[in-house]
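Trainee: Sharing a model prediction with you, sequence too.
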Amino acid sequence: MLKRYFAPRKEDAFTFLRVVTGFSFAFHGLQKIFGFQFPADKLPEIWSQGWFGGIIELVTGLAMAAGAFTAWAAFLASGTMAVAYVQFHWKLDFGVRFFPPVNKGELALVYSALFLYFACRGAGKWSVDSLLTGRKSR
């Protein structure tokens, strides 16, 4: 019964997931770059790895939310989150830090997997990508 109800809405649900996730990810970039809800002494220095990470989060998050260049943006964001997880959370420690709840890397790990899915699936029907490909085919 639920499947029959939700099946016609799956494209809308995917768009909602992509937009909410994209804006959430972009907000992380805003936090890092402009210091929203960050103590001033915690901001990454310009040109540092953390600063570039913030730029990537902001740009790819907005691109995914709009559904523009989604596969490329999502692939870059997925890789960025994989690096963040390994380098800053897990740190290749096979002890107790191996587990995401302990190393506080759940969000980076989930973002990495979700963005890889977006890269493989594409932006979907309600997106800038869909508008652009629709114009090209006419």
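Mentor: That came in fine, so what should we check first?
Trainee: Need the pLDDT of Gly95.
Mentor: On the pLDDT scale, Gly95 is placed at 89.
Trainee: And for it, the neighbour number?
Mentor: By other Cβ atoms under 10 Å, 7 other residues sit near Gly95. Using the backbone N, CA and C atoms, a C-beta is placed for each residue, glycine as well.
Trainee: Then Leu2?
Mentor: Neighbours around Leu2, by other Cβ under 10 Å: 6.
Trainee: again, but for Gly105
Mentor: Other residues close to Gly105 by other Cβ under 10 Å number 21.
Trainee: thinking in terms of the whole chain, how far from its middle is the one helix or strand Gly53 maps to?
Mentor: Remark: Gly53 resides in helix 49-66, with elements defined by DSSP states H and E. Relative to the chain's own centre, helix 49-66 is displaced by 8 Å; criterion: Cα atoms, centre = their mean, to the nearest Å.
Trainee: Rounded mean pLDDT for the following helix or strand past it, please.
Mentor: The helix or strand immediately downstream of helix 49-66 is helix 70-84, counting by DSSP H and E. Summarised as a single mean, pLDDT over helix 70-84 is 97.
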